[in-house]
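[1] Okay, sequence plus prediction incoming.
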Amino acid sequence: MAGKLQLTLKPGDPAPDFSVPTQSSQTVSLSDFRGKKVILYFYPKDDTPGCTKEACAFKDHFSDFTGKNAVVLGVSPDSPKSHAKFAQKFQLPFTLLADEEKKIATAYGVWGEKVFMGRKYMGVHRTTFLIGQDGTIEKIWPGVKPEDHAAEVLASL
């Protein structure tokens with residue numbers, strides 16, 4: 001269970017740019033995707049039950065997203081090597097961003113205190129941002145349900 005997340009960004013705000021390595025160790029920036037809608041989804045950890053369900057749901061709808069001129073970017077604090085194993089294991093067709101220094105999660109306000117079984121710790125809050133073709137935030141989904149979330153995002157495009 002997560003602690004209460006206080007998002008600082010809101011729809012209409014410019015999405016913070018970033019440059020980070022992907023699962024193939026190439027560096028990408030948000031600005032590389034200008035002209036497309038970007039689904040930027042934050043998840044806690046590669047190859048864990050909820051994160052795998054969420055990633056596979058995005059995989060299952062991948063052609064629907066690309067058909068709507070949208071790209072899917074998954075973000076977690078895992079390393080490019082961890083992302084590569086995760087992407088290969090589940091044949092994920094989209095880009096995973098290695099936010100090892102938590103700079104993207106911090107910029108988007110999704111890095112914070114969480115509580116699980118009474119224990120407090122710092123982690124990524126499962127949150128998705130829909131970023132418009134012009135680089136502004138169109139919609140935010142905090143505290144998403146991994147199984148249904150990709151369909152929910154697709155319905156908003």
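    Perfect, thanks for sending it.
[2] which SSE is Ile39 in?
    Taking DSSP states H and E as the definition, Ile39 sits inside strand 37-42.
[3] An error on my part: the question was meant for Val72.
    strand 70-76.
[4] swap in Pro44?
    Using DSSP H and E, Pro44 is not contained in any helix or strand.
[5] Please enumerate the helices of this structure.
    49-60, 62-67, 80-89, 103-107, 149-156 (DSSP state H).
[6] Find the nearest non-adjacent residue to Ser156, please.
    Lys139 (5.7 Å; C-beta to C-beta, 6 or more residues apart in numbering). Placement of C-beta: from N, CA and C, glycine included.
[7] Met122 contacts Phe116, doesn't it?
    No - at 11.7 Å, Met122 does not count as touching Phe116 under the criterion of C-beta atoms under 8 Å.
[8] returning to that earlier point: okay, now the sheet partners of the strand holding Ile39, with direction.
    strand 70-76 (parallel), strand 127-131 (antiparallel) (DSSP bridges).
[9] what angle separates that strand from helix 49-60?
    Comparing the axes of strand 37-42 and helix 49-60 via axes from the mean of the first three to the mean of the last three C-alpha atoms, to 10 degrees yields an angle of 170 degrees.
[10] pLDDT score assigned to the spatially most central residue of the chain?
    The residue lying closest to the centre of the chain (C-alpha atoms, centre = their mean) is Tyr41, at 1.8 Å. Looking at Tyr41, its pLDDT stands at 97.
[11] With Gly50 instead?
    Reported pLDDT for Gly50: 89.
[12] How about Lys114?
    In this prediction, Lys114 carries a pLDDT score of 87.
[13] Test my guess that it contacts Gly123.
    Yes - counting by C-beta under 8 Å, Lys114 does reach Gly123; the two are 4.5 Å apart.
[14] Can I get the strand holding Ile39 in PDB, CA atoms only?
    Extracted in PDB, the C-alpha atoms of strand 37-42 (Å, rounded to 0.1, in the frame of the first residue of the first chain):
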ATOM      1  CA  LYS A  37       1.500  11.600 -27.700                       C
ATOM      2  CA  VAL A  38       3.600  10.100 -24.900                       C
ATOM      3  CA  ILE A  39       2.300   7.600 -22.300                       C
ATOM      4  CA  LEU A  40       4.900   8.000 -19.500                       C
ATOM      5  CA  TYR A  41       4.200   5.300 -17.000                       C
ATOM      6  CA  PHE A  42       6.100   5.000 -13.700                       C
END
